[in-house]
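[1] Take this sequence and fold it.
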Amino acid sequence: MYWQKRFNDSNQDEEIEKIIQDIVDKHNGNYGYRRIDMEMRKRGYIVNHKKILRITNKLCIICTSYTRKSREYSTYKGRIGKISKNLVNRRFHTSIPHQKLTTDTSEFKYYTTDSNGKITIRKLI
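    Numbers count the residues shown, from 1 in each chain. All right, here's what the predicted structure looks like:
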């Protein structure tokens, strides 16, 4: 009987729901509950983030711009380019100088505060 009596009660979060809906409409639906929380604090309303999340779920507000990827990162691209014939056939030693020259190329990605970059190292074997 307790929950049946609560149907007639007024919505206590009606003001907060209007503010949240106003924020979402202003920013074209690109705000999730964390950004809505920050915007409400700027406007002077201090509300728990869990309450904001509960209200956004109730109002079916979903942030569509900043969702996680649905797949894992994969670098495999299949067969690309031409595969050369194995002419050395793992016979690296020879009596004649400079008859067999091979190289090895390694690429390392690094991060700096200015930009992303790559280092390519080529060594003569």
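[2] Which parts of the chain are helices?
    Secondary structure of the chain, counting by DSSP state H: helices at 2-5, 14-26, 33-43, 49-58.
[3] Among the ones you listed, which comes closest to Ser84?
    helix 33-43 (52.4 Å; C-beta to C-beta). Using the backbone N, CA and C atoms, a C-beta is placed for each residue, glycine as well.
[4] May I see the buried residues of stretch 4-18?
    For stretch 4-18, burial by neighbour count (16 or more other C-beta atoms under 10 Å) applies to Ile16.
[5] Now do the contacts for the closest residue to Arg34 other than its chain neighbours.
    Spatially, and ignoring its direct neighbours in sequence, Arg34 is nearest to His49 (6.9 Å; C-beta to C-beta, 6 or more residues apart in numbering). His49 makes contact with 33-34, 37, according to C-beta atoms under 8 Å, 6 or more residues apart in numbering.
[6] Now rank the residues you listed by neighbours and give me the top one.
    Greatest neighbour count in those, by other C-beta atoms under 10 Å, goes to Asp37: 22 neighbours.
[7] can you tell me how far Cys60 sits from Ser84?
    57 Å (C-beta to C-beta, to the nearest Å).
[8] Repeat that for Tyr31.
    Tyr31 sits 54 Å away from Ser84, going by C-beta to C-beta.
[9] neighbour count winner among the two?
    Set side by side, Tyr31 and Ser84 show more neighbours around Tyr31, with 21 against 6, by other C-beta under 10 Å.
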